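Participant: please find the sequence and the predicted model below.
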Amino acid sequence: MTRSSGWPGAVGVAARGWGWRYATRRAWAVRGVDLDVAPGERVLLLGSSGSGKSTLLAGLAGLLDPGEGADDGTGEEEGSLHLDGVPARVARRRAVAGGAARTGLLLQDPLAQTVLARCGDDVAFGLENHAVPTVEIWPRVEAAMRGVAFPYPTAHPTDQLSGGERQRLALAGVIALRPGLLLLDEPSAMLDEPGTRMLREQVAAVLAATGATCVLVEHRLAGWIDLVDRVVVLDRTGGIAADGPPVTVFAAHGAALAAGGVWVPGHEPGRGAGPPRTPPATAPPGDGEMLLQARGLTATRRARARAGLPPVVAGIDVTVAAGRALCVLGDNGTGKSTLALTLAGLERPVAGEVVAGPRLAAGLRSPSPHRWRPRELVSRIGTVFQDPEHQIVATTVAAEIAVGPRRAGVPAADVEARVEELLGRMRLEHVARANPFTLSGGEQRRLSVAAVLAARPRVLVLDEPTFGQDARTWDALVALLRELIAAGHGVVAVTHDAPLAGVLGDAVLRLGSEHPDRGREEPRVGAA
């Protein structure tokens, strides 16, 4: 991978008073940005949740279009945003027409970048759109997939990928374009630690070989700091809060940035959430009562079953108890999300069973959650999907939170009270009337948690609940979950977030063939 292989020159960035407001929002997503990035520079972009980091990356990629008139664009722009002296949108159009990408953006949500049914075709899609000569496409596809250590052949179906595998495929698609400006939006959010380490190594190799400019948004900073030259922090009220070499920025502004929610080395997550959870002196209602139990469970996704592929998890024996939390850990592709959906009643077991305890299943014909109707399920088992956009059904944030309790038949006054409470607890008051699809990834995640909690289910099944959170919203979310556990709820959390497992989990279930204890619960060290 060298410049002689056709990689274009590094791109320079210049922003002057730049801002963007989405068409359905009153507030500006980002505003007052004055920023210069020299060709070949590597910048870590930080800021609290909702400060506009993803919006700035989308602007740099040329994906934000105000249109020509009042009603034909996707939002309103102010100021200027240029790549090598050319407006970002114009630079993108010229690159597509000329067969060479100027920017490559890895989105926060890898599903949004998956467009075709086979993995190789998906990587090739961007090359075809850039009119790359046919003879060059497949060698570049295969080289990019090897470069990110993608574990499947080009013909592998994309609908059989885990979230982390899909993220790795999306990165291969970006690298195949050979961009002069590499834009990475939380690239390790869905990756396990081996995958994250491999990703960092690949990004470092790409930058070393090509000299491309890079703007990186990340919350998990370990290992990434050594890759960047500079840290830029967006101020949520507009403009730049800090800018300079990492050591200088963190030394001068570390405490203030951490107080504002920015993840800062030396200010580890979880300090506000407290030490590892221990059983309360007074047992909560139903403490220890069996709520859900898996016995000899074998589980798979419908797409895998239709394709005749073997199940992803087998031989699972696990109990979800009142007043307890279970954290499900494991590398990408080991079936964590599949297990979560099956425990939640959203996938049918292939073998074995999932049964609800007597009180959770009271009044229902079957103790098997997958046989329950949606209205029966919503008030008993609440599920937060790995991708928050998959469960958005309303046109405003407040209306989205109200969907569950209304479906469960909760009186209107109580619904309104629950919505107001959760808007405050999840720090979403400022976007209550906004369209959920215009929120940042972190805001969407908090919305998905709030929408599930509004129906007050006894069991919560959460897939990557802390994805995209700044330090303050992480603490707020974890504190709320701990309160629910103390009140007698059962929680299942699928996560790569080690600090979350450290402060939340009473027990851990590890999935993956490399673990001799696969499919068995292990008490968390220090847990009763």
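Facilitator: Yes, it's here.
Participant: right, and Leu227 touches Glu201 too?
Facilitator: No - in this structure Leu227 lies outside contact range of Glu201 using C-beta atoms under 8 Å: 9.9 Å. To be clear about C-beta, it is placed using only N, CA and C from the backbone, and glycine gets the same treatment.
Participant: tell me which stretches of the stretch 301-450 of the chain form strands.
Facilitator: Using DSSP state E, counting those that start in this stretch, the strands of the stretch 301-450 of the chain run over 313-321, 324-330, 351-356, 381-384.
Participant: got the CA coordinates for the longest one in PDB?
Facilitator: This points to strand 313-321. Taking Å, rounded to 0.1, in the frame of the first residue of the first chain, the C-alpha atoms of strand 313-321 are listed here in PDB:
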ATOM      1  CA  VAL A 313     -24.600 -20.200  20.200                       C
ATOM      2  CA  ALA A 314     -25.400 -23.600  21.700                       C
ATOM      3  CA  GLY A 315     -25.500 -25.200  25.100                       C
ATOM      4  CA  ILE A 316     -26.500 -22.000  27.100                       C
ATOM      5  CA  ASP A 317     -27.700 -22.400  30.600                       C
ATOM      6  CA  VAL A 318     -28.300 -19.000  32.300                       C
ATOM      7  CA  THR A 319     -30.700 -17.400  34.700                       C
ATOM      8  CA  VAL A 320     -31.800 -13.700  34.800                       C
ATOM      9  CA  ALA A 321     -32.800 -12.900  38.300                       C
END
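Participant: quick one: residues in contact with it.
Facilitator: Identification of contacts with strand 313-321 by C-beta atoms under 8 Å, 6 or more residues apart in numbering yields 288-300, 326, 334-335, 338-339, 343, 351-352, 459, 490-492, 509, 511, 518-521.
Participant: mark which of those are buried, thanks.
Facilitator: Using 16 or more other C-beta atoms under 10 Å as the burial test, those include 289-294, 297-300, 326, 334-335, 338-339, 343, 352, 459, 490-492, 509, 511, 518-519, 521 as buried.
Participant: picking up where we left off before, closest to Val30 out of the strands of the stretch 301-450 of the chain?
Facilitator: strand 381-384 (26.9 Å; C-beta to C-beta).
Participant: what about the closest one, distance to the chain center?
Facilitator: With C-alpha atoms, centre = their mean, to the nearest Å as the basis, strand 381-384 stands 17 Å off its chain's centre.
Participant: what packs against that strand?
Facilitator: Using 3 or more C-beta pairs under 8 Å, 6 or more residues apart in numbering; DSSP states H and E as the contact test, the elements touching strand 381-384 are helix 441-453, strand 459-463.
Participant: for Gly52, find the nearest of those.
Facilitator: Relative to Gly52, the nearest member of these by C-beta to C-beta is helix 441-453, separated by 11.5 Å.
Participant: then that closest one to CSV, C-alphas only?
Facilitator: In CSV, the C-alpha atoms belonging to helix 441-453 read as follows (Å, rounded to 0.1, in the frame of the first residue of the first chain):
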residue,chain,number,x,y,z
GLY,A,441,-25.6,8.3,17.7
GLY,A,442,-25.2,8.8,21.4
GLU,A,443,-28.5,10.6,21.7
GLN,A,444,-30.2,7.9,19.7
ARG,A,445,-28.8,5.3,22.1
ARG,A,446,-30.1,7.1,25.1
LEU,A,447,-33.5,7.5,23.4
SER,A,448,-33.7,3.8,22.7
VAL,A,449,-33.0,3.1,26.4
ALA,A,450,-35.6,5.7,27.5
ALA,A,451,-38.2,4.3,25.2
VAL,A,452,-37.8,0.8,26.6
LEU,A,453,-37.8,2.0,30.2
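Participant: the longest helix seen in the chain: what's the following helix or strand?
Facilitator: Counting by DSSP state H, the longest helix found in the chain is helix 193-210. Downstream of helix 193-210, the first helix or strand assigned by DSSP states H and E is strand 213-217.
Participant: gap between the residue nearest in space to the middle of the chain and Gly40?
Facilitator: Central residue of the chain (C-alpha atoms, centre = their mean): Phe467, 4.5 Å from the mean position. Separation of Phe467 from Gly40 (C-beta to C-beta, to the nearest Å): 31 Å.
Participant: likewise Val318?
Facilitator: Computed as C-beta to C-beta, the Val318 to Gly40 distance reads 50 Å.
Participant: what's the answer for Asp475, then?
Facilitator: Asp475 is 37 Å from Gly40, by C-beta to C-beta.
Participant: next: Ala222.
Facilitator: Here the criterion is C-beta to C-beta. By it, Ala222 lies 24 Å from Gly40.
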